[in-house]
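When you get a sec, could you give me coordinates for this:
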Amino acid sequence: MNEALKVAISKSVKTETLDPGEYKVDALVRIKGTVKKGEDYDSAVYQSIPFDQLFAVAMSKLNGVTVESIVKAALADETDSSAVKDAVKDAIAKLTEKSVKRCSGKTTAKVTAEVIGLPLDAIETLAAEKVA
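Predicted coordinates:
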């Protein structure tokens with residue numbers, strides 16, 4: 001089995017709701033479509049952002065009353081914090097050296113899967129049967 005076929009098989013499986021348990025499966029399946037693999041590319045990578053460490057350092061610079069009031073305000077506030085996180089990311093990008101990481105090209109597939117045959121003893125039952 002070649003790599004393109006393995007990708008086609010994995011991409012043809014849609015996540016469906018399945019009850020917990022073990023199932024017997026026996027079916028002949030036809031998978032048809034196209035698989036496309038993009039070129040590898042370089043991506044700039046900055047040092048990961050240690051939000052726990054940043055928070056600990058920031059809190060250590062404050063007195064107990066201020067820390068308590070900040071925690072109370074944070075627990076009561078539902079403001080989107082993405083702007084603050086973006087500012088922190090920008091600061092870290094300025095302070096740290098970026099490195100280049102080689103990334104694998106993206107793989108996409110447009111495939112369909114169709115059951116085309118069942119074993120003779122399963123024709124009158126389901127192709128997937130839950131094990132007791």
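
State the helix or strand in which Ala83 lies.
Using DSSP states H and E, Ala83 sits in helix 82-95.

Give me the helices and strands touching the helix or strand immediately after that helix in the chain, please.
On the C-terminal side of helix 82-95, the closest following helix or strand by DSSP H and E is strand 99-103. On a contact count with 3 or more CB pairs under 8 Å, 6 or more residues apart in numbering; DSSP states H and E, strand 99-103 meets strand 41-45. Quick note: C-beta positions are derived from backbone N, CA and C, even for glycine.

what angle sits between the strand it packs on and strand 99-103?
Orientation note: strand 41-45 sits at an angle of 140 degrees relative to strand 99-103 (axes from the mean of the first three to the mean of the last three CA atoms, to 10 degrees).

Run through the protein and note the low-pLDDT ranges.
14-16, 46-49, 97, 118-132 (pLDDT under 70).

do that again at 90, thanks
Residue ranges of the chain with pLDDT under 90: 1-31, 43-59, 62-102, 107-132.

Please find the angle between the direction vectors of the helix holding Ala83 and strand 41-45.
Using the same axes, to 10 degrees: helix 82-95 against strand 41-45 is 100 degrees.

ok, which stretches of the chain are strands?
Secondary structure of the chain (DSSP state E): strands located at 23-25, 28-37, 41-45, 99-103, 107-117, 128-130.

In a markdown table: those strands, plus distance to Val7.
Output for these, formatted as a markdown table (distance: least, CB to CB, whole Å):
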| stretch | distance to Val7 |
| --- | --- |
| strand 23-25 | 20 |
| strand 28-37 | 5 |
| strand 41-45 | 18 |
| strand 99-103 | 17 |
| strand 107-117 | 6 |
| strand 128-130 | 23 |
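
Redo those strands as a markdown table? Include mean neighbour count and distance to Glu78.
Shown next, in a markdown table, are these (neighbours: other CB atoms under 10 Å; distance: least, CB to CB, whole Å):
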| stretch | mean neighbour count | distance to Glu78 |
| --- | --- | --- |
| strand 23-25 | 11 | 42 |
| strand 28-37 | 12 | 42 |
| strand 41-45 | 10 | 32 |
| strand 99-103 | 10 | 35 |
| strand 107-117 | 13 | 37 |
| strand 128-130 | 12 | 43 |
